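Participant: Build the 3D model from these lines:
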Amino acid sequence: MAGTRTRAQPGGGDEPPPGPAPSSEEPALDPAAVAEPLDVLLTDAALGPLRRLLPGRAGLKAAAKLAMRPDRVAARSAGLATELGKVAVGRSDVAPDKRDRRFKDPAWTENFAFRRLMQAYLATGHTVDQLIDDARLDWRSERRMRLAAENLVDALAPTNAPLLNPTALKAAVDTGGRNFARGSRNFARDMAHPPRVPAMVDRSAFTVGENVAASPGAVVLRTPVIELLQYEPTTPRVREQPLLVVPPMINKYYVADLAPGRSMIEHAVGQGQQVFAISWRNPDRRHADWDLDTYAGAVIEALDAIEAITGSDRSHAIGLCAGGILLSTVVAVLAARGAGQRIAGLSLGVCVLDQHQAGTAGALIDEGTAKLALAGSARRGYLDGRSLAEVFAWLRPNDLIWNYWVSNYLLGQDPPAFDILFWNADTTNMPAGLHRDFVRLALENALTVPGGARVLDTPIDLSAIDMDTYVVAGIADHITPWTSCYRSVHLLGSPPRFVLSTSGHVAAMVNPPGNEKATFRVNDTLPLDADEWLAGATTAKGSWWEDWTAWLGARSGGERDAPGELGGAGHPPLEPAPGTYVTE
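Facilitator: Residues are numbered from 1 along each chain as shown. Sure, this is the predicted structure:
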């Protein structure tokens with residue numbers, strides 16, 4: 001069924017599930033997986049993602065529809081009974097997809113009892129898919145039913161039960177049951193505090209400012225909303241026009257400055273760019289009224305400071321994920337005010353400006369649901385970042401919930417030390433005002449209509465953004481699907497360079513050179529249809545970072561001697577990077 005994560009069908013033909021999680025990358029993703037638009041993510045974070053397990057009226061509709069088609073229910077039941085009979089006598093050919101990591105233990109295929117258990121589970125899941133097809137629901141109810149069914153069937157996988165998982169049983173024999181004792185301690189630890197999901201990373205292995213967010217620099221501007229970081233040049237000469245990094249407001253900024261050797265900021269500095277980055281303050285109830293205008297004004301303040309420090313009247317800017325949405329509105333405001341020339345070039349990374357998503361968005365959120373979500377954050381004063389982390393985990397439960405359920409609790413293992421997952425666990429709140437504005441922006445898909453949104457009392461028209469632009473997406477992205485990112489090319493006022501990475505959402509941003517297997521796709525033409533663009537694209541070897549910094553370099557003016565010290569023109573260094581706000 002559309003969006004099913006790990007279903008197998010008798011005889012094959014199932015959709016590709018998430019693949020194994022390699023040790024040096026984020027967990028692999030299904031390119032066909034259902035993605036979540038921004039309004040759904042923010043609403044789930046306020047109301048709780050587990051509401052998806054309850055189909056509500058969609059479940060009643062499905063039951064009523066199936067009651068009117070008893071022949072189909074009988075046929076599916078008979079088909080399942082026949083398949084279970086084949087399973088019982090060892091003649092079934094039901095098998096998991098080869099990329100389904102849950103059943104990789106040889107016992108699932110070589111032990112007669114475990115093989116039958118696995119096949120019965122997969123056959124039952126396939127029948128549930130078929131019954132939802134047979135119900136012929138309207139698209140909203142169909143999407144809700146599928147999401148509820150997927151999450152329930154995933155949760156009931158035999159691999160999640162300690163006495164039904166052969167790997168866990170073998171560990172019990174090898175350790176004398178100590179794996180279950182350690183797992184119980186891990187479970188108590190993880191459930192004691194939000195976000196109450198299995199721990200994914202050993203947080204003790206990382207320290208902000210030492211082995212992540214470690215690029216040398218200084219805070220050169222501090223406001224109630226941001227700290228502006230300027231980075232020390234590592235080349236004798238630098239480009240005249242500087243670069244501002246605008247990170248997502250719902251995460252810490254250092255996804256752009258992860259570990260040394262894996263830092264986008266470090267790479268850009270090494271290519272002769274003068275780099276600045278915004279570090280957002282982590283808001284609490286005192287900052288409930290901070291809204292889209294507040295954050296847009298902070299970006300303009302950062303640009304003002306950069307121009308004063310560097311003496312350049314033009315700057316490049318890159319916005320990542322939600323930061324790209326914010327940055328796009330800022331650039332549109334500048335264009336409307338006749339100041340668009342301040343932006344030498346706009347780059348957008350894994351950013352969706354057109355929030356329309358067929359099926360999922362309309363199915364999971366409506367006006368009433370949005371009001372409930374916004375009322376919750378308004379009462380608290382902010383959207384808890386830990387709730388948002390829980391939502392992101394439940395987007396891919398087999399990879400980010402049940403995978404760690406097995407390793408942490410059934411096998412009693414400690415989570416790995418992985419910088420991306422450490423950053424992911426370092427959550428940031430969203431003030432109620434910004435939560436309200438972003439849900440509204442997404443629910444109304446306001447950026448696709450000239451004047452559909454107003455920021456800083458200025459109508460937003462993305463077609464007025466006519467400077468050179470660079471847009472990058474990840475083909476395996478489950479949060480900002482690349483086809484949605486691609487739609488931005490026809491919203492902006494000039495044809496951008498669109499680049500498609502092979503990675504998922506975070507790995508598309510953390511994409512350093514040096515990986516011999518790394519590739520990205522480019523196409524000089526920009527047809528209306530994303531699939532047509534992909535069909536005509538060519539594959540280039542290496543990281544898109546190199547392509548992007550070359551693009552930047554060609555548009556950043558001439559070169560000049562690197563500054564001998566950071567700050568200047570009323571903006572002295574206040575303290576070393578990464579500053580104070582990132583540790584809040």
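
Participant: can we go C-alpha only for contacts and neighbour counts from here?
Facilitator: Fine.

Participant: Let me see the ranges of the helices in the stretch 201-350 of the chain.
Facilitator: For the stretch 201-350 of the chain, helices defined by DSSP state H, counting those that start in this stretch occupy the ranges 264-270, 292-310, 322-336.

Participant: any idea which of those helices is most buried?
Facilitator: Most buried of the helices of the stretch 201-350 of the chain, by mean neighbour count (mean count of other Cα atoms under 10 Å): helix 322-336, with a mean of 24.

Participant: as a whole number, average confidence for it?
Facilitator: Helix 322-336 carries an average pLDDT of 97.

Participant: just stretch 131-139 next, same as before
Facilitator: pLDDT averaged over stretch 131-139 gives 88.

Participant: Stretch 225-245 too?
Facilitator: 98.

Participant: Can you give me the first-to-last residue distance of that stretch?
Facilitator: With Cα to Cα, to the nearest Å as the measure, stretch 225-245 spans 15 Å from end to end.

Participant: how far away is Pro236 from Ala308?
Facilitator: In terms of Cα to Cα, Pro236 sits 21 Å off from Ala308.

Participant: Was I right to think His287 contacts Pro431?
Facilitator: Yes - when contacts are counted by Cα atoms under 8 Å, His287 is listed as touching Pro431 (6.2 Å).

Participant: Name the residues contacting each of these two.
Facilitator: Counting by Cα atoms under 8 Å, 6 or more residues apart in numbering, the common neighbours of His287 and Pro431 are Gly381, Tyr382.

Participant: Which residue of the two possesses the greater neighbour count?
Facilitator: Comparing His287 with Pro431 by neighbour count (other Cα atoms under 10 Å), the higher total belongs to Pro431, at 28 against 17.

Participant: shouldn't the more buried one be in contact with Tyr382?
Facilitator: Yes - the pair Pro431 / Tyr382 is scored as a contact, 4.1 Å apart, by Cα under 8 Å.

Participant: Output the lowest mean pLDDT helix or strand found in the chain.
Facilitator: In the chain, no helix or strand scores lower on mean pLDDT, DSSP states H and E than helix 360-364, which sits at a mean of 39.

Participant: any idea how far the residue positioned nearest the centre of the chain lies from Ala508?
Facilitator: For the chain, the residue nearest the mean C-alpha position is Ile479 (4.2 Å; Cα atoms, centre = their mean). From Ile479 across to Ala508, the span is 12 Å (Cα to Cα).

Participant: Check Tyr121 too.
Facilitator: 35 Å.

Participant: More neighbours: those two, which one.
Facilitator: Ala508 (25 against 19).

Participant: Apart from its chain neighbours, what residue comes closest to the more buried one?
Facilitator: Spatially, and ignoring its direct neighbours in sequence, Ala508 is nearest to Gly474 (5.4 Å; Cα to Cα, 6 or more residues apart in numbering).

Participant: Was I right to think the one you found contacts Val510?
Facilitator: No - using Cα under 8 Å, Gly474 makes no contact with Val510, being 11.1 Å away.

Participant: Which one's more surrounded, these two?
Facilitator: Gly474 (27 against 23).

Participant: Who are the contact partners of the more buried one?
Facilitator: Contacts of Gly474 by Cα under 8 Å, 6+ apart are Val350, Pro481, Trp482, Leu500, Ser501, Thr502, Ser503, Gly504, His505, Ala508.

Participant: now for the top helix by length along the chain, which elements pack on it?
Facilitator: When the chain is parsed with DSSP state H, its longest helix is helix 112-135. Applying 3 or more Cα pairs under 8 Å, 6 or more residues apart in numbering; DSSP states H and E, we find helix 112-135 packed against helix 57-67, helix 70-89, helix 107-110, helix 139-155.

Participant: and the gap between the residue lying farthest from the centre of the chain and Asp354?
Facilitator: Distance to the chain centre peaks in the chain at Val89, reaching 44.2 Å (criterion: Cα atoms, centre = their mean). Separation of Val89 from Asp354 (Cα to Cα) stands at 52 Å.

Participant: Burial check on the closest residue to Arg222 other than its chain neighbours, number of neighbours?
Facilitator: Of all residues not flanking Arg222 in the chain, Leu228 sits nearest, at 6.4 Å (Cα to Cα, 6+ apart). Residues within reach of Leu228, counting by other Cα under 10 Å, total 28.

Participant: Next up, the contacts around Leu228.
Facilitator: Contacts of Leu228 (Cα under 8 Å, 6+ apart): Val219, Val220, Leu221, Arg222, Phe276, Ala277, Ile278, Ser279, Ala302.

Participant: Surely the fifth one and Tyr231 touch.
Facilitator: In other words, Phe276. Yes - the pair Phe276 and Tyr231 passes the contact test of Cα under 8 Å, sitting 6.2 Å apart.

Participant: hey, what's in contact with both of the two?
Facilitator: If you check Phe276 and Tyr231 against Cα under 8 Å, 6+ apart, no residue is contacted by both.

Participant: So which residues of the stretch 401-550 of the chain form strands?
Facilitator: Ranges of strands within the stretch 401-550 of the chain are 430-431, 454-455, 458-459, 469-474, 497-501, 519-522, 538-541, based on DSSP state E, counting those that start in this stretch.

Participant: any idea which of those is most buried?
Facilitator: When those are compared using mean count of other Cα under 10 Å, strand 430-431 is most buried, at a mean of 28.

Participant: Starting from that strand, tell me which strands it pairs with and how they run.
Facilitator: Partners of strand 430-431 in the sheet, by DSSP bridges, are strand 382-383 (antiparallel).

Participant: So what's the model's average confidence on the partner strand?
Facilitator: Rounded mean pLDDT across strand 382-383 is 79.

Participant: Next one, pLDDT for the residue nearest to Ala508 please.
Facilitator: For Gly474, the predicted pLDDT is 94.
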